[in-house]
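Q: Attaching a predicted model along with its sequence, questions to come.
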Amino acid sequence: MESHDPEFAPLEPLLTPARPADATALRQELLNQTTDLLRRRAHRRRLIRNAAALVACYAAGLATMYFAGPRLVRPDVPVPLPGETAPAPANRSVERLIALAAAVPAARLEQEGETAAGRERALLYRLAGARYLEEAGDVRAALRCYANALDVDPDAAPTPGGQDDWLLMALKDARQKEKADAKNAN
């Protein structure tokens with residue numbers, strides 16, 4: 001139905017159907033658009049999944065370090081020895097502590113070494129270093145304790161001996177070399 005009314009003339013091109021397009025070209029264009037959309041969605045899902053896996057791995061690493069990492073011991077808080085129910089008194093005899101050294105954690109021996117005096121202090125540090133090395137394989141903590149023991153009592157067995165473990169022997173050997181180098185430098 002054609003209208004020759006000038007009022008409807010601008011609408012007539014909009015109301016007439018478009019030219020029939022090639023069906024094969026139309027199908028191919030629709031297939032290309034759909035395939036691109038599906039690829040983008042799959043890529044986005046893969047990115048989200050990979051990001052979630054990275055976040056989960058990072059969280060697992062943090063949890064591992066929290067639960068399996070080294071524990072910090074506050075030196076101002078006394079920890080009871082095994083078998084004791086109350087915190088240790090400040091004037092506990094060092095001999096008793098050394099006698100119980102096999103049952104005392106390394107951190108506790110180090111803590112007691114900080115408050116002891118003289119040769120007992122060096123002995124406690126040395127026991128703590130040995131315990132760190134035996135129990136946890138914590139070389140840094142053992143080295144710190146051994147260095148403290150040698151600083152407190154440098155005259156006690158300055159040369160490596162048969163009772164020393166590998167780390168203490170290496171530390172004593174290094175200190176001897178430092179002293180020899182200092183003498184040669186003068």
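A: Looks like it came in fine.
Q: confidence score at Ala53?
A: Per-residue confidence (pLDDT) for Ala53: 97.
Q: er, Ala107 I mean
A: So Ala107 comes in at 85 (pLDDT).
Q: So what's the residue count around it?
A: When neighbours are defined as other CB atoms under 10 Å, Ala107 has 22 of them. Where C-beta positions appear, they are placed from N, C-alpha and C, glycine not excepted.
Q: C-terminal to the helix or strand containing it, what's the next element?
A: Using DSSP states H and E, Ala107 maps to helix 106-115. Note on helix 106-115: by DSSP H and E, the next helix or strand toward the C-terminus is helix 118-135.
Q: Who are the packing partners of that following helix?
A: helix 94-99, helix 106-115, helix 139-152, helix 166-185 (3 or more CB pairs under 8 Å, 6 or more residues apart in numbering; DSSP states H and E).
Q: and those helices as JSON lines, adding distance to Leu47?
A: JSON lines is the format used below for the helices and strands packed on helix 118-135 (distance: least, CB to CB, whole Å):
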{"stretch": "helix 94-99", "distance to Leu47": "58"}
{"stretch": "helix 106-115", "distance to Leu47": "45"}
{"stretch": "helix 139-152", "distance to Leu47": "40"}
{"stretch": "helix 166-185", "distance to Leu47": "48"}
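Q: Pick the most deeply packed of these.
A: helix 106-115 (a mean of 22; mean count of other CB atoms under 10 Å).
Q: Only alpha carbons, please: show that helix as CSV.
A: Taking C-alpha atoms only, helix 106-115 is exported to CSV below (Å, rounded to 0.1, in the frame of the first residue of the first chain):
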residue,chain,number,x,y,z
ALA,A,106,65.9,-24.2,73.0
ALA,A,107,64.1,-20.8,73.2
ARG,A,108,63.7,-21.3,77.0
LEU,A,109,67.4,-22.0,77.4
GLU,A,110,68.3,-18.9,75.4
GLN,A,111,65.9,-16.9,77.5
GLU,A,112,67.5,-18.1,80.7
GLY,A,113,70.9,-17.4,79.2
GLU,A,114,69.9,-13.7,78.8
THR,A,115,69.3,-13.4,82.6
